[in-house]
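Undergrad: Predicted structure and sequence below. I'll ask about it afterward.
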Amino acid sequence: MLTNYIFIPIIAAFFAYLLNKKVKYTGGIITSIISAYLLYQLIGLYGKWSLIQTINFSLMGNNLEFILGNNPLSWLFALMTASAGLLIALFSIKSQEKYDLSSAFNFNFLILIGSIMGVVLAGDFLTLFIFWELMTWTSFYIISGGTKKMAKKSAYRYFILSAVGAYTMLMAIIIIYNQTGSFAIGEAAQYLINLPTGKSLLLMGMMSLPFLTKAGLFPVHIWVKGAHGNAPKEFSPFLSGLMLKVGVYGLLLVFYLLPFFKVMENTISYRGLPILSYIFALFGAITTVTGTILAIRQEDMKKLIAYSSISQMGYILMGISLATPLGITGGLLHMMNHLIFKSAIFLTLAAVIYRTGTTKMYEMGGLIFKMPVTFATYLTAIIALAGIPPTNGFISKWVIYQALIEKGYLFLALAAFFGSIGSFMYVFKPLSTVFLGQLKPQHEKIKEVPFIMQLPMYVLMGLMVLFGVLPGIQMNIITKISSQLGIESVNYSLYTIEGAFGSWNSMIIFNVFTAGFIISLIIFMLAKKSKLVGLLDTYTSGEYMNDAEAYHYAYQYYRPFDRLFDNFAARSLTRAYESLANNLSKVGNALRKGIITGNGQTYAYYTVLFFVILAIAGWII
Amino acid sequence: MVNPVLIIALPLLIAFLMPLFNYIHKKLPAVVALLTAAFNVWIITVNFNEALFNPMVIEIGNWQAPFAINLYIGPLAILAVAVINVIALVLAIYNLEHDYEINDKFYSLFLMIIAGTSGMVMTGDLFNLFVFIEISSVAAYGLTVFSRGDSYEAAFKYIIIGAIGSVFLLMAIGFTYASVGSLNMAQIANAAENLNPQLMRIITLLFMVGIGIEAELFPLNLWVPDVYSEAPTSVTSILSGAVSAAGIYSLGRIFFTLFADPALYTYLMVIGIITLVIGELVAYNQENIKRMLAYSSIAQMGLIVTIISINTSQAVSAGLFQLVNHSILKVLLFISAGVLVSAAGSKKIKDLSGLGSKKPIASLGFAVGAMGILGVPFFNGFVSKLMLINSSLNAEKIIITALILFATIVEIGYYLKVIQKIYFEKRETKVFKTANVFIPVLVLTVFVFALGIYPELITTTLDKAANELLNSTEYITTVLGGM
């Protein structure tokens, strides 16, 4: 019963809230149990691709049908949601012990999981819209509960941007409903394909707006930094790892299940791709470049990784706009992989915040000695993000590069490479400033995080390597999704993928790495025992220094690089949106001062004036 | 079957007996008001089903229809009077525990407002409508000043505008009587086609000004911010939940049943949309929470008038549903805001920070009310918003829909700020003791969710009510009896 996936978390949310008010840890425990349960049920749902459930409802004189359906795309997203929810919930059991709003967090988080299930399992647009709204509201409440000063403002901006997109989609949906009499996705697709191109493109463009916003793509990416940076530390992994992807789900829905790209084929094409799809891919490229440049400048580690998420979403958009087998495969692979390694990075950051209480990188240093597991997870995750074998990140990036080069899109490929190089720059910054370098004296006493918080980190590390060595596991579901979306799939086997110019065999690479590792391990063990020298001795060549932390290079790490882009970063899109909102508020003020004067006689005058104006208007018209 | 005239007559009688009750025991007026409201609700429940399917015509004094005053209780009237009296009951419960000065005169006026508004929606005679409008208005003027201070100025502005409105109404009724020869609504509706079109235009404009003051259309609604923010909480609630709703119902009666002129609907739509946009834009900057809610009320009234003036059966149902929801939600919002204001000791929004944990019931009430107005799924506001966007797009009014959605986004802007302030900030200053509003908030929240999850409870009534407004022939034949 597909409605279980939606309503069980929602009902459990109330229990979690009430129980958590009494006993601190129960909220997180209930959330973990429910997510585990959903995960377990979902595994049993694999393969039942024609499972559909409809609920009939009578409103407005017509019969409304709420349709829920299971198909490969929905299944993958539901699986991703349940797993991410489980890992975050496990982590949050301990990490929220000092957080006042943990009951509200768990309440909203469970409803959020249920709503995301509703969004991805929806077979008609009304269900999708209802759960999309619920999803936006609950995530708004969670982000508002962050402990930083700007949390409320960031949550507010996030909501307004989402609302603008959601209402645009609502208008498009209802216009289609009035013409076809149904909200179902299949019916809408039928109708849109028969409409004249201009109108069809406009409607589908309107429908894609909320998804573009939620995915954090240019030009509606401005909420991402604030929301990720200021959300409660356990929620940022979920925001970055999963919620951005729900936007991608919607985009896949509009691009392929609705005939957006098919209709676009009627327009002029540029190098084999319709111009509008190329424009989306271009937005993806711009997003990648923007995200990378802005990430390198950040001093706050959560905001840095937030910008990194934006740039990775750019990759995914480039992949899926290309509408080729390699493009879709690359986009979907990168989406799954990004969930894994971004959640790992954010969980690591959350662990560091939990122990040190700060997010500014220049206030930390040398944590490798105190938090080795956290360090190992972070290192693996950034290796995955940078796209180095044998982690999963390499495979997805490789496929996307193949897709871009195969079609000869030089500019897009250049943007992708720039993003890749830049990504190594910005992920190295937290590594060296937070983990390596000098330990600050106030951090002498901190320890590694408790086991329950280490558990998700181990799981994610394992997944990164597993999928890097055996990409066939992911390709199983991705080929099914490809065929559902109407694109051919890429040839693969358990550990090989066939690209455009040759194939990738991860087993060979993994064997080479392992062999190399074993050889160096043997050499290490055979060599003489090393003598432990204090860090300072090598650095200062024997001179004596007692304020080592002052020499920790962390502030404005990449200043020379940043200087190149100072002018670019100064033109802030956020300020443009802010000035728009300010002008609106000024209009309101002007109206208030001009018309609503507070003078009773003026009001009486208005009454008579109103009548006179209407009478004259009636006489003339 | 209990005679529905009691809905009007009984509160009027009890209102004038209040000093006697007060003499017997100080607390008696509150209880008596509660009992009267409960009795009204009982009468309505008993008559509900019958009024839906066989509209009742009650002739006062047993005089026959076109010569005497009659009450017409069809689906529209029974729905309206149900909303008004349920709200009155909830507010009577709220009044049992309050923290400002109320004496027996307050309850008299309160019962008079109930009688007045119920009469406004049930009546079938034009001058009777005027009388009831006057009763409710005068009671409202009186009720506003119970909180002293600035409320005197607010009530004074209300009186000025109300008086001018009465003049316009009288002129309109005078013209109608002169041209049709009767004041009975059914007969006017019958004779409306034969009127000189210019004359009808003037009459409808005069009515628009007169009723527009009650229905809070721009620029006749400028008394609203002052009155709503200065009056005591239960007065504001009854004004926004009952009186303005009754204003819209009478507007509907006049503009749909009596004088159905297509050009008029364009005027109404334009005025409605202007009211909506101006209301939302000005509400965005407010610092005083009750003024903010007042502007939000104005905007919602504008929205409802815009939707109803689209003049299709879908649109009128949607507008009526939005009106019912608005009454419930606004009362919930005002009651919660009242408690929060008393707890903080100030009406400014920035002084309300952090009350979420100190006053959980009132904060929850406010949050539920705000989410309802904004249209969160599973709340009643979502269903009515969906219906109204559907009906306006169905009638191909794309610009109107875009403006409505724009206004919703502005609305989201200012409500979210308040919710964030209440729940997600820490409170340093003192919190005062306030009344217990558990039962009113609970009852209203139950309504919110019931209508949100299961709107079928009310859709048959709405469809019938819409039908009654749009087809005046049924109205005429029921009253005049096939004359």
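TA: Alright, I've got the coordinates. Owing to the predicted nature of the structure, the values given are computational and were not obtained by experimental measurement.

Undergrad: Would you mark the buried spots in stretch A:404-415?
TA: A:404, A:405, A:406, A:407, A:409, A:412, A:413, A:415 (16 or more other C-beta atoms under 10 Å in any protein chain shown). C-beta: built from backbone N, CA, C; applies to glycine.

Undergrad: how long is it from one end to the other?
TA: 11 Å (C-alpha to C-alpha, to the nearest Å).

Undergrad: Can you tell me the element residue A:217 falls in?
TA: Assigned by DSSP states H and E, residue A:217 belongs to no helix or strand.

Undergrad: Quick check: it touching residue A:283?
TA: Yes. The pair residue A:217 / residue A:283 is scored as a contact, 5.8 Å apart, by C-beta atoms under 8 Å.

Undergrad: Identify the contacts common to those two.
TA: Jointly contacting residue A:217 and residue A:283 under the rule C-beta atoms under 8 Å, 6 or more residues apart in numbering or on different chains are A:314, A:317.

Undergrad: which one of the two has more residues nearby?
TA: Ranked by neighbour count (other C-beta atoms under 10 Å in any protein chain shown), residue A:217 and residue A:283 place residue A:217 first, with 28 against 20.

Undergrad: which helices and strands sit right next to the longest helix anywhere in chain A?
TA: If you go by DSSP state H, chain A has its longest helix at helix A:325-356. Applying 3 or more C-beta pairs under 8 Å, 6 or more residues apart in numbering or on different chains; DSSP states H and E, one finds that helix A:325-356 contacts helix A:72-95, helix A:235-238, helix A:244-252, helix A:301-321, helix A:372-386, helix A:392-407, helix A:451-469, helix A:472-485.

Undergrad: Stretch B:467-478: how far from the chain's middle?
TA: The chain centroid and the centroid of stretch B:467-478 are separated by 23 Å, computed with C-alpha atoms, centre = their mean, to the nearest Å.

Undergrad: What segments of chain A are strands?
TA: Per DSSP state E, chain A carries strands over the ranges A:52-59, A:62-69, A:269-270, A:273-274, A:492-493, A:496-498, A:503-505.

Undergrad: count of neighbours near the closest residue to residue B:349 other than its chain neighbours?
TA: Distance criterion C-beta to C-beta, 6 or more residues apart in numbering or on different chains; nearest residue to residue B:349, sequence neighbours excluded, is residue B:289 at 5.1 Å. By the criterion of other C-beta under 10 Å, residue B:289 has 28 neighbours.

Undergrad: for stretch A:169-186, which positions count as buried?
TA: Neighbour-count burial for stretch A:169-186 [16+ other C-beta under 10 Å]: A:169-177, A:179, A:182-185.

Undergrad: Quick check, pLDDT for the residue in the stretch 1-150 of chain B that chain A sits nearest to.
TA: As assessed by C-beta to the nearest C-beta, chain A sits closest to residue B:150 within the stretch 1-150 of chain B, at 10.7 Å. Residue B:150 carries a pLDDT score of 83 in this model.

Undergrad: Residue A:496 too?
TA: Value listed for residue A:496 in the pLDDT field: 76.

Undergrad: Report the contact partners of residue B:164.
TA: A:604, A:607, A:608, B:213.

Undergrad: which one of those residues is nearest residue A:521?
TA: residue B:213 (88.3 Å; C-beta to C-beta).

Undergrad: Does the closest one touch residue B:165 like I think?
TA: Yes. With contacts counted by C-beta under 8 Å, residue B:213 reaches residue B:165, the gap being 3.9 Å.

Undergrad: can you tell if whatever helix or strand residue B:318 lives in touches chain A?
TA: Using DSSP H and E, residue B:318 maps to helix B:313-344. Yes. Using C-beta under 8 Å from any C-beta of the partner chain, helix B:313-344 reaches chain A at B:314, B:317, B:318.

Undergrad: Give me the nearest residue to the residue most central in space within chain B, chain neighbours excluded.
TA: Most central in chain B under C-alpha atoms, centre = their mean is residue B:245, positioned 2.2 Å from the mean C-alpha point. Spatial nearest neighbour of residue B:245, chain neighbours left out: residue B:327 (5.1 Å); criterion: C-beta to C-beta, 6+ apart.

Undergrad: and the one you found, how many residues sit next to it?
TA: By other C-beta under 10 Å, neighbour count at residue B:327 equals 25.

Undergrad: Please apply the same query to residue A:242.
TA: Residue A:242: 22 neighbours (other C-beta under 10 Å).

Undergrad: which ones are touching it?
TA: Counted by C-beta under 8 Å, 6+ apart, residue A:242 has contacts A:80, A:81, A:84, A:116, A:339.

Undergrad: need the helix or strand of chain A with the lowest average pLDDT.
TA: Lowest mean confidence among the helices and strands of chain A (mean pLDDT, DSSP states H and E): helix A:535-540, at a mean of 67.

Undergrad: in the chain, what spans have low per-residue confidence?
TA: Picked chain A for this. Residue ranges of chain A with pLDDT under 70: A:58-63, A:270-271, A:534-539, A:542, A:548-551, A:619-621.

Undergrad: Wait, chain B was what I had in mind.
TA: If you take pLDDT under 70 as the line, chain B has these spans: B:1, B:65-66, B:98-101, B:481-483.
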